[in-house]
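Visitor: Can you look at this prediction? I've put the sequence above it.
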Amino acid sequence: MNKEALISSLDSMATETAEQSYAVNIFVRLLKQVWQIDWTVAAYDVLGHFFSFDIPYFYRFMQMDEGDEEEEKQLLIDWVNSRYALKAEDKQDLLIAIDKVNQLRMQARSA
């Protein structure tokens, strides 16, 4: 597994989705926090924690790495602020994002 390529791909995807879908952007950024520690966690599982607003789940992953604390703090603030802004069309976009991140993970795995 080329973790650097995977994280770089997630960063690129987060940048691409920043203006398209706020929910997808936050999900991809949260997924990055998880996959920096354990890339074997299913993206769909992470989405479940995203929908259930499971802050302690993500916070545990964030505590395991060092160096991006300000980014993590901002991500949690963005997520809290977006909680009630989730629209029905965002859910479809999130399901599409699941497929895309799984493809990115497969590409990084074979790289």
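Guide: Nice, thanks for sending it over. Keep in mind that what you see is a predicted model, and the values were worked out from it rather than measured. Numbering: from 1, shown residues only.

Visitor: how about Gln92, what does it touch?
Guide: Residues in contact with Gln92 (C-beta atoms under 8 Å, 6 or more residues apart in numbering): none are found. For every residue, glycine as well, the C-beta is placed using N, CA and C.

Visitor: Start at 26, not 1
Guide: With the count now opening at 26, the last piece we talked about shows up as Gln117.

Visitor: Report the distance from whichever strand or helix holds it to the chain centre.
Guide: Using DSSP states H and E, Gln117 sits within helix 113-135. For helix 113-135, the distance between its averaged C-alpha position and the chain's averaged C-alpha position is 10 Å (C-alpha atoms, centre = their mean, to the nearest Å).

Visitor: list the buried ones in that helix?
Guide: With burial defined by 16 or more other C-beta atoms under 10 Å, the residues of helix 113-135 counted as buried are Asp115, Asp118, Leu119, Ala122, Ile123, Lys125, Val126, Leu129, Arg130, Ala133.

Visitor: got it, and stretch 29-37?
Guide: Along stretch 29-37, these residues count as buried under the neighbour rule (16+ other C-beta under 10 Å): Leu31, Ile32, Ser34, Leu35.
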